[in-house]
Each structure stands twice: as C-alpha cells, then as structure tokens.
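**Q** pasted the sequence and its predicted model underneath.
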Amino acid sequence: MLAKIGKFFIEYYWRKTAASDRRVCIHKISCSNAVYDQLDKFGLIKGIKTYLARRRSCNEFYELIHDGDHVKILTKNGQIIPEHKINPLIVRDFKLSHKKT
C-alpha cells in the first residue's frame with residue numbers, strides 16, 4: 001500500500017513537471033524511474049533505499065573522468081559510476097568537449 005503512495009507521487013511529478021524543467025540525471029536510468037521500478041517490483045523499503053542511495057550520489061557535485069576511451073563519474077560521496085550506467089547525453093557532451101583534434 002505504501003509503495004503505491006510512493007509511485008503516485010512519482011507519477012504526479014512526471015505529469016506536473018515538464019521534462020525540459022527537470023535536471024538531467026547523471027544515471028542512465030533516471031532517479032525517479034529507478035525508484036519507481038524498485039517500488040513496483042520490491043516494495044517500499046527497497047524503493048526508499050534506492051531513493052536514499054541516489055540522493056547521496058546524484059547531484060551536480062561530480063567529476064567526469066577519462067579512463068582510456070571510456071568515461072567515469074566520481075560522485076561527491078566517492079562512488080564511481082562506469083560509462084554504461086551514465087546518462088548517454090552526459091557521456092556524449094563530455095566526449096565532444098574533450099575530442100582530440
């Protein structure tokens with residue numbers, strides 16, 4: 001029941017906040033989608049844990065790092081996110097801005 005309430009609030013956020021007004025998530029799967037999925041599949045406790053983990057790492061205080069041909073993100077709490085889990089828009093923009101000429 002409580003997981004349904006959590007999902008309702010996320011759905012409300014999706015309906016009321018235009019995609020262009022949302023901050024770009026550093027993760028390939030957005031924070032709201034990840035939490036919604038966990039609420040749907042595993043319930044409230046897993047949804048809350050996912051939300052808290054994302055809140056600790058998903059913000060503007062991160063560093064993009066070149067690792068050979070790949071990109072990694074170092075979050076403010078020290079978590080390293082590999083390229084295959086990073087939002088493709090962030091990877092593309094970083095690679096374009098650091099392209100060898």
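**A** Perfect, thanks for sending it.

**Q** mind listing the strands in this protein by residue range?
**A** Taking DSSP state E as the test, the strands found in the chain are 63-67, 70-74, 80-82.

**Q** out of these, flag the one nearest residue 44.
**A** Nearest of these to residue 44, taken as C-beta to C-beta: strand 80-82 at 25.3 Å. The C-beta positions use only the backbone N, C-alpha and C, and glycine is treated the same way.

**Q** could you list the buried residues of the closest one?
**A** Of all the residues in strand 80-82, those buried under the rule 16 or more other C-beta atoms under 10 Å are residue 81.

**Q** so what are the sheet partners of that strand and their directions?
**A** strand 70-74 (antiparallel) (DSSP bridges).

**Q** and the residue nearest the centre of this protein?
**A** With distances taken as C-alpha atoms, centre = their mean, residue 27 lies nearest the centre of the chain, 3.2 Å away.

**Q** wait, it sits on residue 79?
**A** No - look at residue 27 against residue 79 with C-beta atoms under 8 Å: they stay out of range, at 10.8 Å.

**Q** any idea how far residue 82 is from the residue nearest to the centre of the chain?
**A** 11 Å (C-beta to C-beta, to the nearest Å).

**Q** over to residue 48?
**A** 25 Å.

**Q** mean pLDDT and distance to residue 15 for the strands of the chain - can I get that in CSV?
**A** Compiled in CSV, these are given as follows (pLDDT from 0 to 100; distance: least, C-beta to C-beta, whole Å):
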stretch, mean pLDDT, distance to residue 15
strand 63-67, 89, 32
strand 70-74, 93, 29
strand 80-82, 94, 28
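
**Q** most packed of those strands?
**A** By mean neighbour count, with neighbours taken as mean count of other C-beta atoms under 10 Å, strand 70-74 ranks first of those at a mean of 17.

**Q** ok, residues contacting that one?
**A** Residues outside strand 70-74 that contact it (C-beta atoms under 8 Å, 6 or more residues apart in numbering): 26, 62-65, 80-83, 86, 90-91, 94-95.

**Q** run the angle between it and strand 63-67 for me.
**A** 150 degrees (axes from the mean of the first three to the mean of the last three C-alpha atoms, to 10 degrees).
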